[in-house]
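S.K.: Build me a model:
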Amino acid sequence: MAKISDVISPVELRHRLHMAPELAFNEYNTQRILVEALEKLGARYEKVAKTGLVVLIEREPTKPSVLYRADMDALPIKEETGWEFASRNEGLMHACGHDIHMSVLYGVIKKVLEEKIEGNYVFVFQPAEETIGGAKYVLDEMREKYKVKYATALHVTDEYELGEFASTDGTLFACAMEVTAKFKGLSAHIAQKEKGIDAIKKAVGFLSEFYDNPIDNATKGQRVLAGFGRIFGGSVRNAVADFTQIEGSIRGETLEIVLESFEKLKKMTEKYGGNLEKGSLYPPVINNANLFEVFKDFLNKNSYKFIDCGMKYTGEDFGFFTMKYPSIMFWAGVRTKNKIVGLHNPQFLPDDEVVPYLVDFMVKWLVELYNHI
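M.R.: You can find the predicted model right below:
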């Protein structure tokens, strides 16, 4: 193990990671930065899912482990914080707090090793959360190699103040499916537009019906919504568009309701001569009822504030972990000022002080969880 002076602090690591954001399954430099830091700690690691890492700390080989996951990827967003350690990768940013997630996980590993904290832990740095669903690939490679009893993860948000933690019993985050509506047309010069087939007109017809007949309502007592956030089509301004593409997402309480909603939208798309395609699919994040009670009791005993936030329509691929292990995920508040900008915002920048605070919190929480094995 390196000298204490050679070991990077979690806050310093946060700075390095924030300056070097990378997209899904391209987190090669991120992985390198983490490997360098872990090696100085003397932590043993394995690479997983191409750009991810797994660190196993096992004190009692006969007992199972608690798994703690942090996501690694960034977003295609141009940073507008003006921070000294702002992104050096043009057009990319850690605008969803994954730099903090990784730094906190590293800080936990550091503390567990240096303080010789008891317990068995599987620490996962997971790539490709924002799209593609990297959790699935990590779990596929892990298979049954690690004896995991429980899994946990946090997600930072400035919706809540530092010291506030929010979760719920059952479904915390909705099932999420990416969808793409494609419309084909026939190009013709605008001066002879009657000779063409206007793909934009087809798309507008679909969108008009979609907005007039939203599926954002309860079906069979379950919650569901859909929306489109990106549209493009055609090649030049003076020709009828020969294609138009609309990209969006369906979010629902269960996989079944999302699939049912997809079929409804598909029929609507076909009505206007288009086709609806499925993209990445994330299962819902479902908290285990017993672990939820353990979490609430832990917060109460340690004077943290608990908020029951109910189900959110946020998509999160930690749902793959909740399908495999009894799990608990929660929001960790990081707001230290009055201003709220929200996730996926070019100005999202929690203060450095949240990192050591959450390291201390997670070490306590992991020990608590391990004691319930």
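
S.K.: Quick one: list the elements packing against the host helix or strand of Arg230.
M.R.: Applying DSSP states H and E as the criterion places Arg230 in strand 224-233. With contacts defined as 3 or more CB pairs under 8 Å, 6 or more residues apart in numbering; DSSP states H and E, the packing partners of strand 224-233 are strand 175-184, helix 199-212, strand 243-252, helix 255-271. Where you see a C-beta, it was placed from the backbone N, CA and C, and this is true even at glycine.

S.K.: Turn those into a markdown table, including mean neighbour count.
M.R.: Formatted as a markdown table, the helices and strands packed on strand 224-233 follow (neighbours: other CB atoms under 10 Å):
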| stretch | mean neighbour count |
| --- | --- |
| strand 175-184 | 21 |
| helix 199-212 | 17 |
| strand 243-252 | 21 |
| helix 255-271 | 17 |
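
S.K.: Please report phi then psi for Leu162.
M.R.: The phi/psi pair for Leu162 (degrees, to the nearest 10) reads phi -60, psi 130.

S.K.: can you pull the contacts of it?
M.R.: Counting by CB atoms under 8 Å, 6 or more residues apart in numbering, Leu162 makes contact with Gly333, Val334, Arg335, Thr336, Glu353, Val354, Tyr357.

S.K.: try 6 Å this time
M.R.: Residues counted as contacts of Leu162 (CB atoms under 6 Å, 6 or more residues apart in numbering) are Gly333, Val334, Thr336, Val354.

S.K.: burial of the last one, as a residue count?
M.R.: Which is Val354. Val354 has 25 neighbours, counted by other CB atoms under 10 Å.

S.K.: so it touches Val334, yeah?
M.R.: Yes: using CB atoms under 6 Å, Val354 is in contact with Val334, at 4.4 Å.

S.K.: isn't Val156 right next to Val334, touching?
M.R.: Yes: contact status for Val156 versus Val334: in contact at 4.6 Å, counting by CB under 6 Å.

S.K.: what about Pro356, which SS state?
M.R.: Judged by DSSP: H, G, I helix; E, B strand; the rest coil, the three-state class of Pro356 is helix.

S.K.: okay, now it: neighbour count?
M.R.: So Pro356, with other CB under 10 Å, has 16 neighbours.

S.K.: now the one 3 residues further on
M.R.: As a burial measure, the neighbour count of Val359 was computed by other CB under 10 Å and equals 22.

S.K.: For the remainder of this discussion, apply numbering that starts at 14.
M.R.: Done: numbering now begins at 14, and the last item shifts to Val372.

S.K.: Who are the contact partners of it?
M.R.: Taking CB under 6 Å, 6+ apart, we find Val372 in contact with Pro23, Val117, Gly120, Val121.

S.K.: Please report the distance of it from Leu167.
M.R.: Val372 sits at a distance of 11 Å from Leu167 (criterion: CB to CB, to the nearest Å).

S.K.: show me where pLDDT drops low in the stretch 214-363 of the chain?
M.R.: By pLDDT under 70, the low-scoring segments of the stretch 214-363 of the chain are 230-233.

S.K.: Is Leu382 within a helix or a strand, and which one?
M.R.: helix 367-383.

S.K.: Sort out which residues of that helix are buried, please.
M.R.: Buried residues in helix 367-383, counting neighbours by 16 or more other CB atoms under 10 Å, are found at 367-372, 374-376, 378-383.

S.K.: Could you do stretch 43-58 as well?
M.R.: Thr43, Gln44, Ile46, Leu47, Ala50, Leu51, Lys53, Leu54, Ala56, Tyr58.

S.K.: Export those residues to a markdown table and append columns for distance to Lys214, secondary structure and pLDDT.
M.R.: Formatted as a markdown table, these follow (distance: CB to CB, whole Å; DSSP: H, G, I helix; E, B strand; the rest coil; pLDDT from 0 to 100):
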| residue | distance to Lys214 | secondary structure | pLDDT |
| --- | --- | --- | --- |
| Thr43 | 44 | helix | 98 |
| Gln44 | 47 | helix | 98 |
| Ile46 | 50 | helix | 98 |
| Leu47 | 50 | helix | 98 |
| Ala50 | 55 | helix | 98 |
| Leu51 | 56 | helix | 98 |
| Lys53 | 61 | helix | 97 |
| Leu54 | 60 | helix | 97 |
| Ala56 | 59 | coil | 97 |
| Tyr58 | 55 | strand | 98 |
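
S.K.: any chance you could map the strands in this structure?
M.R.: Listed in chain order, the strands of the chain (DSSP state E) span residues 58-61, 65-71, 78-84, 133-139, 161-174, 177-180, 183-186, 188-197, 237-246, 256-265, 287-295, 298-300, 318-321, 340-348.

S.K.: Need the ones you listed in a markdown table (columns: distance to Asp112).
M.R.: Shown next, in a markdown table, are these (distance: least, CB to CB, whole Å):
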| stretch | distance to Asp112 |
| --- | --- |
| strand 58-61 | 19 |
| strand 65-71 | 15 |
| strand 78-84 | 10 |
| strand 133-139 | 12 |
| strand 161-174 | 10 |
| strand 177-180 | 20 |
| strand 183-186 | 21 |
| strand 188-197 | 23 |
| strand 237-246 | 24 |
| strand 256-265 | 24 |
| strand 287-295 | 21 |
| strand 298-300 | 21 |
| strand 318-321 | 24 |
| strand 340-348 | 12 |
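
S.K.: Leu126 is nearest to which of those strands?
M.R.: strand 65-71 (7.0 Å; CB to CB).

S.K.: ok, and what's touching the closest one?
M.R.: With CB under 6 Å, 6+ apart, strand 65-71 has contacts from 47, 56, 58-59, 61, 122, 125, 133-140, 151.

S.K.: who does it pair up with?
M.R.: The sheet places strand 65-71 alongside strand 58-61 (antiparallel), strand 133-139 (antiparallel), with pairing taken from DSSP bridges.

S.K.: before we move on, the earlier item: and the angle for the helix holding Leu382 with strand 161-174?
M.R.: Relative orientation of helix 367-383 versus strand 161-174 (axes from the mean of the first three to the mean of the last three CA atoms, to 10 degrees): 140 degrees.
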